[in-house]
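K.L.:
Okay, structure incoming, though there's no sequence with it:
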């Protein structure tokens, strides 16, 4: 072949087949010279080799310093930093500038522990500010076997960063599942009329308590702060009938309120009149007793006087009686000795209506 012809120089490796290979020491020496030129230059020979070694050591020291500097990190005011050494939790750091052994020895997970996070269940807020319903989350069954559509929000924050990171996976999904389970349990033992009208606040409190109990059982490190019912209504297909029922319920409540108002007006008056009647009866009782007591006392005094002077007492009683009786009549008694000299007079003007003509 032409490549094997020693007289020709077209060998693709640029040398002849029997040319001697370069010495290994020579190769190392050339590399040292190149490193010397890269890290500041220098003369060839032993001096150049020393400078090359120093430059390599300096470069390694600089890289080591940069590696250590990469362990600096800042924790925000609303965060806590969980420090992991080969994946194991070793410390929790507060806000400020901190340092850890750089990767891959230690890593840091930052968690917003004071930030209140909001979770929507049964609906989602879209970009234009409207709410989009999620039927698979919102529809649930009440105690009286009616279907109700409920949308609500859960607000929570992290109370233990380490538990939040290591005791539960997919934290948002866990909170959502716990909230759905709690609301379905509470609604399942509540009547639909109560859910739609008077017991919304009680439902919120019960759901919040139950969610917190579930999350505490997981040791999730999550604190539920608020549960707020956004919308509670029947499904769209039966909402008209429920509105009719609600209207009838309002009419019933209005009638009850009007009856209660009438009762509040009449009952106090009746109680006042009853009290007045009782007081009048007590006053009459006291009056009759006092009068009877006085008459009895007077009779006893007359009896005592009668025993002392019967004739005088009898005549005085007769005169008193006649005076009392005759004082109420229109009769005039005239002594017989003067009766013949008195002209009889009949006052017809004062007897109008009293005289009967036959």
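P.N.:
That came in fine, so what should we check first? None of these values were measured; they are calculated from a predicted model.
K.L.:
As a check, name the ranges of all strands in the protein.
P.N.:
72-75, 79-85, 88-93, 96-99, 106-112, 117-121, 123-125, 131-133, 139-141, 147-158, 222-233 (DSSP state E).
K.L.:
which helices and strands sit right next to the first one?
P.N.:
Think strand 72-75. In terms of contacts (3 or more CB pairs under 8 Å, 6 or more residues apart in numbering; DSSP states H and E), strand 72-75 is packed against strand 96-99. The way it works is simple: take the backbone N, C-alpha and C, and place the C-beta from them, glycine included.
K.L.:
Tell me how this protein divides into domains.
P.N.:
Following automatic domain parsing, one finds the domains of the chain at 23-69, 72-112, 117-233, 250-323.
K.L.:
can I get these in a markdown table with mean pLDDT, distance to residue 243 and mean neighbour count?
P.N.:
Below are the domains of the chain laid out as a markdown table (pLDDT from 0 to 100; distance: least, CB to CB, whole Å; neighbours: other CB atoms under 10 Å):
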| stretch | mean pLDDT | distance to residue 243 | mean neighbour count |
| --- | --- | --- | --- |
| domain 23-69 | 65 | 68 | 13 |
| domain 72-112 | 84 | 43 | 14 |
| domain 117-233 | 91 | 9 | 16 |
| domain 250-323 | 90 | 10 | 10 |
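K.L.:
Go through those and name the closest to residue 336.
P.N.:
Residue 336 lies closest to domain 250-323 among the domains of the chain, at 17.2 Å (CB to CB).
K.L.:
Just give the closest residue to residue 166, not the sequence neighbours.
P.N.:
Among residues not flanking residue 166 along the chain, residue 89 sits closest, at 6.5 Å (CB to CB, 6 or more residues apart in numbering).
K.L.:
wait, what's in contact with the one you found?
P.N.:
Going by CB atoms under 8 Å, 6 or more residues apart in numbering, residue 89 touches 82, 83, 162, 165, 166.
K.L.:
For residue 276, state which of the residues you listed is nearest.
P.N.:
residue 162 (76.0 Å).
K.L.:
check contacts around the closest one.
P.N.:
82, 89, 92, 221.
K.L.:
farthest pair in those residues?
P.N.:
Maximum distance among the contacts of residue 162 (CB to CB): 12.1 Å, for 89 and 221.
K.L.:
mind checking how far the residue nearest to residue 166 is from residue 76?
P.N.:
20 Å (CB to CB, to the nearest Å).
K.L.:
One more: residue 246?
P.N.:
Distance from residue 246 to residue 76, counting by CB to CB: 49 Å.
K.L.:
and if you look at residue 138?
P.N.:
From residue 138 to residue 76 the distance is 36 Å (CB to CB).
K.L.:
Throw the strands of the chain into CSV and include distance to residue 214, thanks.
P.N.:
What follows is the strands of the chain, written out as CSV (distance: least, CB to CB, whole Å):
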stretch, distance to residue 214
strand 72-75, 30
strand 79-85, 23
strand 88-93, 24
strand 96-99, 34
strand 106-112, 21
strand 117-121, 14
strand 123-125, 22
strand 131-133, 25
strand 139-141, 17
strand 147-158, 12
strand 222-233, 10
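K.L.:
Does residue 159 touch residue 224 like I think?
P.N.:
No. If you go by CB atoms under 8 Å, residue 159 and residue 224 don't touch, sitting 10.0 Å apart.
K.L.:
Look up phi and psi at the nearest residue to residue 70 once chain neighbours are set aside.
P.N.:
The spatial neighbour of residue 70 that comes closest, neighbours along the chain excluded (CB to CB, 6+ apart), is residue 102 at 4.6 Å. Main-chain dihedrals, residue 102, degrees, to the nearest 10: phi -60, psi 160.
K.L.:
who touches residue 102 in this structure?
P.N.:
Neighbours of residue 102 in contact, by CB under 8 Å, 6+ apart: 67, 68, 70, 71.
K.L.:
Of the residues you listed, which belong to helices?
P.N.:
Counting by DSSP state H, those place 67, 68 in helices.
K.L.:
now, which of the contacts of residue 102 sits nearest residue 262?
P.N.:
residue 71 (80.1 Å).
K.L.:
Quick one, grab the pLDDT at residue 357.
P.N.:
Note on residue 357: pLDDT of 48.
K.L.:
how close does residue 304 sit to residue 310?
P.N.:
Residue 304 is 12 Å from residue 310, where distance means CB to CB.
K.L.:
swap in residue 273?
P.N.:
53 Å.
K.L.:
Spit out the contact partners of residue 143.
P.N.:
Contacts of residue 143 (CB under 8 Å, 6+ apart): 187, 188, 189, 190, 191, 192.
K.L.:
List just the nearest of those residues to residue 288.
P.N.:
Once CB to CB is applied, the member of the contacts of residue 143 that ends up nearest residue 288 is residue 191, at 60.9 Å.
K.L.:
close enough to count as contact, that closest one and residue 144?
P.N.:
Yes. Taking CB under 8 Å as the definition, residue 191 is a contact partner of residue 144 at 5.3 Å.
K.L.:
Spell out the residue ranges of the helices in this structure.
P.N.:
Under DSSP H, the chain gives helices at 24-38, 46-69, 135-138, 161-166, 171-188, 192-196, 200-217, 239-308, 310-326, 336-339.
K.L.:
among the ones you listed, which is nearest residue 112?
P.N.:
Proximity to residue 112, assessed across the helices of the chain by CB to CB, is greatest for helix 161-166 (9.2 Å).
K.L.:
Show me how far the closest one is from its chain's centre.
P.N.:
Here the centre of mass of C-alpha atoms in helix 161-166, compared against the chain's by CA atoms, centre = their mean, to the nearest Å, lies 27 Å away.
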